[in-house]
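**Q** Fold the following for me, if possible:
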Amino acid sequence: MATAAATTTKKTSTKTTKKSPGAQDAIALLKADHREVEGWFAEYEKARAGTKKTELIAKICKALTVHTRIEEEYFYPASRDVLDDESIVDEAVVEHASAKDLIAQLEAGQVDDDLYDAKVKWLSEVIKHHVKEEEKEYFPKVRKTDLDLKSLGAAMAARKEELMSQLARIN
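**A** Have a look, this model is predicted:
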């Protein structure tokens, strides 16, 4: 759940057209996350050792958990406010639910469990589909709006850092 300060930042940062100097563009941040996770999925497919697979799936699950949170807390609400057709946001939320279910199954399991590799493969496919739709359809629509992607990106980056720190303390 977003803190009151984060929610306030989110709301104020998405309503302004003033650009924040040095802030990372929200879409660039999300695309960088996509590339990072794609790389780890590719490594997982090549990995043979259980320890390497365990390490990779931990990275993938952590990254996807944080990524979905910042999208759901910041990017989706902000883009919903500026897009004429909200169905693309709704579809992304539903896709996240599928991914979260698979992530929970993987986190509760072990790499030598029956169907574990199949679940990783299916999560990879779900994410590939989601990324393709976001990058080919969703993000271009958002870019055509007056949404301040720099300020939004700065808020998302700060929240991402906070969530990554929280998860690092847990693990």
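**Q** And the helices in this protein?
**A** Secondary structure of the chain (DSSP state H): helices at 4-15, 26-46, 50-70, 76-82, 87-108, 116-133, 139-143, 149-170.
**Q** What are the buried residues along the fourth one?
**A** Within helix 76-82, the residues scored as buried using 16 or more other CB atoms under 10 Å are 76, 77, 78, 79. (Each C-beta comes from the backbone N, C-alpha and C, glycine too.)
**Q** Likewise for the second one?
**A** Using 16+ other CB under 10 Å as the burial criterion, the residues of helix 26-46 that qualify are 26, 27, 29, 30, 33, 34, 37, 40, 41, 44.
**Q** Would you confirm that the second one contacts residue 149?
**A** Which is residue 27. Yes - between residue 27 and residue 149 there is a contact under CB atoms under 8 Å: 6.0 Å.
**Q** intersection of neighbour lists for those two?
**A** With CB atoms under 8 Å, 6 or more residues apart in numbering applied, the overlap between the contact sets of residue 27 and residue 149 consists of 142, 143.
**Q** Could you find the residue nearest the spatial middle of the protein?
**A** Nearest to the mean C-alpha position of the chain, by CA atoms, centre = their mean, lies residue 67 at 2.4 Å.
**Q** neighbouring contacts of stretch 132-146?
**A** Contact with stretch 132-146 is made by 17, 27, 30-31, 34, 79, 82-83, 88-89, 91-92, 95, 149, as judged by CB under 8 Å, 6+ apart.
**Q** now it, how far from the centre of its chain.
**A** The chain centroid and the centroid of stretch 132-146 are separated by 15 Å under CA atoms, centre = their mean, to the nearest Å.
**Q** Now distance to residue 127 and pLDDT too, for the buried residues of helix 76-82, in TSV please.
**A** Formatted as TSV, the buried residues of helix 76-82 follow (distance: CB to CB, whole Å; pLDDT from 0 to 100):
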residue	distance to residue 127	pLDDT
76	16	97
77	22	97
78	22	97
79	19	96
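**Q** All good on my end, thank you.
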